[in-house]
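Asks: structure of the sequence below:
(one chain, ligands or ions: 1)
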Amino acid sequence: MNIAVVGTGYVGLVVGTLLADMGHQVICVDNDRRKVEALCQGIIPIYEPGLDHLVKRNLHEERLSFTEDIQAAVAASEVAYIAVGTPSADDGSADLSGVFAVARSIGSHATRSLTIVIKSTVPVGTADGVRAVLREASTLPHDVVSNPEFLKEGTAVEDFRNPDRIIVGCASEGPRRVMERLYKPLLRTGKPILFMDNRSAEMSKYAANAFLATRISFINELARLCELVDADIDAVRRGAGTDSRIGLRFFFPGAGYGGSCFPKDVRALQYTASQHDLHMHVVDAAEQVNLEQKRLLARKIFARFGPDLTGLKLAVWGLAFKPRTDDMREAPSLVIIQMLLDAGATVVAYDPEAMGEARHSLGDTVTYAESSGEALDGADALLVITEWNEFRSPDFEVIRARLARPIIFDGRNIYDPAELAALGFEYYCIGRGKPDYPA
Ligand SMILES: NC(=O)c1ccc[n+]([C@@H]2O[C@H](COP(=O)([O-])OP(=O)(O)OC[C@H]3O[C@@H](n4cnc5c(N)ncnc54)[C@H](O)[C@@H]3O)[C@@H](O)[C@H]2O)c1
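Replies: Residues are numbered from 1 along each chain as shown. This next block holds a predicted model:
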């Protein structure tokens, strides 16, 4: 099939590249000229494991191309994906201006009836809005499909190729058959393609993200209680999570959830509910707990060093909102580092992939180290904020030698408290044992 994918970010680039890799002819469109120019040369603007060589290969084999020219892309296509961002507006609602602008543009350039696939995460009712925009912009009948994406940054290639399920919201048989044909190669393992109405498909994405956010906030809140009652959240996590109704996956305490999806999607769901005079108490609580959790590591540092951190140098390992991505959107590191800087500390940070992105938000308020080791030199403590693999089994002798003081704040519970105590470290983590910050 001939496919246009409009919006070539974390989602659009993966979707477009993997559709091309399945044999389709794909044109990826973006209005960011620098991004398009780089992609045309096979330089990918994001860090996503495994994506680089797929982009290069499909470019080389001429199944994949990149352009700013939406008109040409639409004219050449039977299916057009909308994969632009839907960031939070000031009132918490999803900003749909990009989605509607692209829909209008697709409609006005269409030379035949298209299947228009909304890949962006959009609130319930957006497909109806897109249909209305298309009716204004085009005299042709177009089908609108809601096809939310569930890939995870860091494992996006594998997630797209081997999805738990594919959700397709549509109103008739025609687009259903198109989507079945398109996704058939991904469903060989027997995973389902779930057909439903557009509104339920739109809601399904928010249901999944709000539930996952709630799960994280639940274990984080439980971790705080564990500290107060001198229990170990790691044992409790296993104790509860081995119940097959609960499960151990995605059930780890930490420094709070961030990223481009959970925070904004939780807010957008709250907004939708509020428009219908519904107060979603569980979802509100998930967000509230998360805001507190993002501050927790800094609070532990204040408890240890006092509220004035002037003269203190702190090493930070990990800036991205999670490992295996360079995405800094709503990363807990941003909140923690700002609190430390406001209290007078100097911060030396290292992240294997996200330092370029981090510079956009943190600028030169922090020093960026060339290596994880360099970040440690002369620092009064080490903070681990993102659990990249390379931080998991470090040489603690080297850490102790390079730090000015043997103190570690571990926001992801990746180290063993007993081992660190035996090595002479002061070790602070999340929810394992006695409280080390004021409740
Ligand atoms: N990032 C994820 O892990 C993830 C996962 C599932 C769903 N989603 C959803 O997918 C959507 C896209 O997310 P993302 O992370 O890829 O965003 P992104 O910001 O990385 O990418 C969006 C891209 O769209 C481009 N764009 C914006 N307006 C445009 C226009 N008018 N014409 C052409 N290009 C335009 C931008 O330049 C950018 O390259 C969002 O709705 C998000 O919630 C994201």
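
Asks: any idea which helix is longest in this structure?
Replies: helix 198-229 (DSSP state H).

Asks: hmm, that helix touching the ligand?
Replies: No - judged by C-beta under 6 Å from any ligand atom, helix 198-229 stays clear of the ligand, getting no closer than 7.4 Å. To be clear about C-beta, it is placed using only N, CA and C from the backbone, and glycine gets the same treatment.

Asks: what's the offset of that helix from the middle of its chain?
Replies: 14 Å (C-alpha atoms, centre = their mean, to the nearest Å).

Asks: buried residues in it?
Replies: Of all the residues in helix 198-229, those buried under the rule 16 or more other C-beta atoms under 10 Å are 198-199, 201-206, 208-210, 212-224, 226-227.

Asks: using CSV, write out the CA atom coordinates for the next helix or strand after that helix.
Replies: Downstream of helix 198-229, the next assigned helix or strand under DSSP states H and E is helix 233-241. C-alpha atoms of helix 233-241 as CSV (Å, rounded to 0.1, in the frame of the first residue of the first chain):
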residue,chain,number,x,y,z
ILE,A,233,8.9,-2.3,49.4
ASP,A,234,11.0,-4.7,47.4
ALA,A,235,9.8,-7.6,49.4
VAL,A,236,6.3,-6.2,49.6
ARG,A,237,6.3,-5.7,45.8
ARG,A,238,7.1,-9.4,45.3
GLY,A,239,4.7,-10.5,48.0
ALA,A,240,1.8,-8.7,46.3
GLY,A,241,2.9,-8.8,42.7
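
Asks: angle of whatever helix or strand comes next after helix 233-241 against helix 198-229?
Replies: Later in the chain than helix 233-241, the nearest helix or strand by DSSP H and E is helix 262-275. Calculated by axes from the mean of the first three to the mean of the last three C-alpha atoms, to 10 degrees, helix 262-275 forms an angle of 120 degrees with helix 198-229.

Asks: so is helix 262-275 next to the ligand?
Replies: No - judged by C-beta under 6 Å from any ligand atom, helix 262-275 stays clear of the ligand, getting no closer than 6.6 Å.

Asks: isn't G42 up against R57?
Replies: No - with contact defined as C-beta atoms under 8 Å, G42 does not count as touching R57 (9.3 Å).

Asks: which other helices and strands contact the one helix or strand L59 maps to?
Replies: In the assignment (DSSP H and E), L59 maps to helix 51-60. Judged by 3 or more C-beta pairs under 8 Å, 6 or more residues apart in numbering; DSSP states H and E, helix 51-60 is in contact with helix 10-21, strand 64-67, helix 156-161.

Asks: run the chain-centre distance for that helix.
Replies: In terms of C-alpha atoms, centre = their mean, the centre of helix 51-60 is found 23 Å from the chain centre.

Asks: check what contacts that helix and list those residues.
Replies: Outside helix 51-60, the residues that touch it by C-beta atoms under 8 Å, 6 or more residues apart in numbering are 13-14, 17-18, 20-21, 26, 39-40, 42, 44, 64-65, 156-157.

Asks: give me the buried entries from those.
Replies: Looks like these have 13-14, 17-18, 20-21, 26, 39, 42, 44, 64-65, 156-157 buried, using 16+ other C-beta under 10 Å.

Asks: max pairwise distance over those residues: which two?
Replies: For the buried ones among the contacts of helix 51-60, the farthest-apart pair by C-beta to C-beta is S65 and A156; their separation is 20.4 Å.

Asks: residues of stretch 412-425 that come out buried?
Replies: R412, N413, I414, Y415, P417, L420, F425.

Asks: what about the ligand: which of those residues touch it?
Replies: Applying C-beta under 6 Å from any ligand atom to those, none is adjacent to the ligand.

Asks: can you list the domains in this structure?
Replies: 2-196, 211-428 (automatic domain parsing).

Asks: helix, strand or coil for R181?
Replies: State at R181, reduced to three classes by DSSP: H, G, I helix; E, B strand; the rest coil: helix.

Asks: next, count neighbours for whichever residue of the chain sits closest to the ligand.
Replies: Closest to the ligand within the chain is G9: 1.7 Å, counting by C-beta to the nearest ligand atom. Per other C-beta atoms under 10 Å, the neighbour tally for G9 reads 18.

Asks: OK, contacts around it?
Replies: D30, I46, A83, V84, G85.

Asks: before we move on, what about F425?
Replies: F396, R400, P406, I407, I408.
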